[in-house]
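Student: okay, here's the prediction I keep looking at, along with the sequence it came from:
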Amino acid sequence: MLALACVACGCHGGAPNDGGVPDALLAAPAGFAQATLVELRDSVDEEGKRHDVVLRFEREGADFAWSAKVGRFDASLGERLPDPFLQRGPYDTPCVCAIDAVCACERAGPQAPEGKKGRVAAALVDALLAACAAEALAPTEADAGRINAGGPRRHLSAWAAATGDTHFSSTSGDPKWRANGQALVSGGAAIDGAFDKLLAAVGVPAWVGALNVVSPMTLPPGFAELDEAQVLEVNDQWNGLGLTHHVFLRLERKGSDFAWKAKLAAYPGSLAERLPDPYTPPDRDHTGLPCLCAVDASCRCEHARDVKKKSGTVAAAPVEAFLAAVASHGIDAAFKGPRGNVWTDDHPKAHVAVWSAPGADPVHLSFLDQQRRWRVNGHELTLDPGDTAKGGTFHGSHVKLNAAYQAMLTAIGLDKWIEELHPKATHR
């Protein structure tokens, strides 16, 4: 029960305080359990459970008044007071944002963060604080928690007059809890239990369920006739070794051809698409709310300085060949591999929205990383024979399907456009 005293004075083995904890904890460690302001974050990147929730609790008598904002994707919201003890990468700048604000650094998805308010019995918040206060520090470790892709990440900050701000956190890379950056003996299972009860009391599980309405594990209606589509929009990006690019295309069937319009730029992430893939999290390096823009428009949220616009026609055959290749696959219901984080030197990404007719519901095709494992409405497609062996050790790549996709882009002119974007590039 001496957890916070240990945090304050480093009583594990008599070592000095190296956790950067406010000295006030040494004078009144018990004051932490009477915190008057508590802020929580719960962030999960897991299929069917993906969300980011930030909550603020203010003590008012026998209750806590709470307010919250909810984002559809993990790590998409800001906090008023991010954990200062969390070890971050050189480009991972925390987003600082109040609970009742919408900030440019938040990546909440197509909708702004959803705000909620209510009241909850103080006993539930106090139980979480007590679970934290009951912990003891493990022997000193050299580094603090580290953010990695996937899995849950939690943060609790509590303010009391006697202690100031105290931080408890659990990262996706290290699910064990830490107090002001220092590991706990137990790992913090009791903290997780109290944390879950408080989230349930304010309704978080229902919010998460509403955010994660997953498309059915069935192919969209008319999928077998996908090659008869009338309209396509293609958002294709490449970063890494070689010549980078970002191109957004719109194709409309005109007899035996497709008429197309395109805008392109030299750097990925610099252009917008008109309709983002609702089954794909926003880019992790995105610095604002999603930028939506038609192919023949120029929008202020696009930050490309070298935009080129083109138009023309292409024979329907390569477009139909790509769509037919997609339609030859089913949904891989057994897929459990990594998603969106398989990289070496190259970072390709694509989204193709397909309409059977103008005004119809679109079918969303996409791949997220270097494996180029195609998806339909968020579900991975089955592989062709031999794809697994050619795809490496992760989850296989659609070799023939990707060849058909690249052939379509080449027929439209992408290869030549890339050379135009990089006129001084040396070809080997």
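Tutor: Here it is on my side, so go on. Because the structure is predicted, anything quoted here is derived from the model rather than measured.

Student: skip ahead from the least confident helix or strand in the chain by mean pLDDT and say which helix or strand is next.
Tutor: Ranking every helix and strand in the chain by mean pLDDT, DSSP states H and E puts helix 24-27 at the bottom, with a mean of 30. Using DSSP states H and E, the next helix or strand after helix 24-27 towards the C-terminus is strand 37-45.

Student: other SSEs contacting that next one?
Tutor: Strand 37-45 is packed against strand 51-60, helix 122-133, strand 151-160, helix 189-202, with contacts defined by 3 or more Cβ pairs under 8 Å, 6 or more residues apart in numbering; DSSP states H and E. Using the backbone N, CA and C atoms, a C-beta is placed for each residue, glycine as well.

Student: sheet partners, orientation included, of it?
Tutor: With DSSP bridges as the test, strand 37-45 is paired with strand 51-60 (antiparallel), strand 151-160 (antiparallel).

Student: next one: the closest residue to His398 other than its chain neighbours from Ala350, what distance?
Tutor: Nearest-residue entry for His398: Trp374, 5.0 Å, with adjacent residues in sequence omitted and distances by Cβ to Cβ, 6 or more residues apart in numbering. Note on Trp374: its distance to Ala350, by Cβ to Cβ, to the nearest Å, is 9 Å.

Student: His51: how many residues sit nearby?
Tutor: 23 (other Cβ atoms under 10 Å).

Student: tell me who's in contact with the nearest residue in space to it that is not next to it in sequence.
Tutor: Once flanking residues are discounted, His51 sits nearest to Val208: 4.7 Å by Cβ to Cβ, 6+ apart. By Cβ atoms under 8 Å, 6 or more residues apart in numbering, the residues touching Val208 are 44, 49, 51, 53.

Student: ok, now which ones touch the residue nearest to the last one when sequence neighbours are not counted?
Tutor: Spelled out, it's Val53. Excluding its sequence neighbours, the residue lying closest to Val53 (Cβ to Cβ, 6+ apart) is Asp42, at 4.7 Å. Neighbour list for Asp42: 51-53, 152-154, 195, 199, 204 [criterion: Cβ under 8 Å, 6+ apart].

Student: okay, strands next: where are they in the stretch 151-300 of the chain?
Tutor: 151-160, 164-170, 178-179, 182-183, 231-238, 245-254, 257-265 (DSSP state E, counting those that start in this stretch).

Student: out of those, which is closest to Asn402?
Tutor: Comparison of these against Asn402 by Cβ to Cβ identifies strand 231-238 as nearest, at 11.8 Å.

Student: relative to the whole chain's centre, how far out is that closest one?
Tutor: 20 Å (Cα atoms, centre = their mean, to the nearest Å).

Student: please renumber so the chain begins at 48
Tutor: In the new count, where the first residue is 48, that last one comes out as strand 278-285.

Student: so what strands line up beside it?
Tutor: For strand 278-285, pairing defined by DSSP bridges yields strand 292-301 (antiparallel), strand 396-402 (antiparallel).

Student: turn these into TSV, columns for mean pLDDT, mean neighbour count and distance to Ala148.
Tutor: Below are the strands paired with strand 278-285 laid out as TSV (pLDDT from 0 to 100; neighbours: other Cβ atoms under 10 Å; distance: least, Cβ to Cβ, whole Å):
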stretch	mean pLDDT	mean neighbour count	distance to Ala148
strand 292-301	96	21	30
strand 396-402	95	21	30
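
Student: let me have those in JSON lines, extended by distance to Ser358.
Tutor: Formatted as JSON lines, the strands paired with strand 278-285 follow (distance: least, Cβ to Cβ, whole Å):
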{"stretch": "strand 292-301", "distance to Ser358": "10"}
{"stretch": "strand 396-402", "distance to Ser358": "19"}
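
Student: between those, which one is closest to Leu322.
Tutor: Among the strands paired with strand 278-285, strand 396-402 sits nearest to Leu322 (Cβ to Cβ), with 5.5 Å.

Student: next helix or strand past that closest one?
Tutor: strand 410-414.

Student: relative to strand 396-402, how tilted is that next one?
Tutor: Put simply, strand 410-414 runs at 170 degrees to strand 396-402, going by axes from the mean of the first three to the mean of the last three Cα atoms, to 10 degrees.

Student: give the next helix or strand downstream of strand 410-414.
Tutor: strand 422-423.

Student: what's the spacing between that next one and its chain's center?
Tutor: Counting by Cα atoms, centre = their mean, strand 422-423 comes out at 18 Å from the chain centroid.

Student: now do that strand, average pLDDT.
Tutor: Mean pLDDT, strand 422-423: 93.

Student: ok, Val373 - contacts?
Tutor: With Cβ under 8 Å, 6+ apart, Val373 has these contacts: 273, 412, 421, 423, 428, 448.

Student: can I get these in JSON lines with distance to Gln134 and neighbour count?
Tutor: Formatted as JSON lines, the contacts of Val373 follow (distance: Cβ to Cβ, whole Å; neighbours: other Cβ atoms under 10 Å):
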{"residue": "Leu273", "distance to Gln134": "46", "neighbour count": "22"}
{"residue": "Leu412", "distance to Gln134": "37", "neighbour count": "24"}
{"residue": "Trp421", "distance to Gln134": "35", "neighbour count": "23"}
{"residue": "Val423", "distance to Gln134": "38", "neighbour count": "23"}
{"residue": "Leu428", "distance to Gln134": "38", "neighbour count": "22"}
{"residue": "Leu448", "distance to Gln134": "40", "neighbour count": "23"}
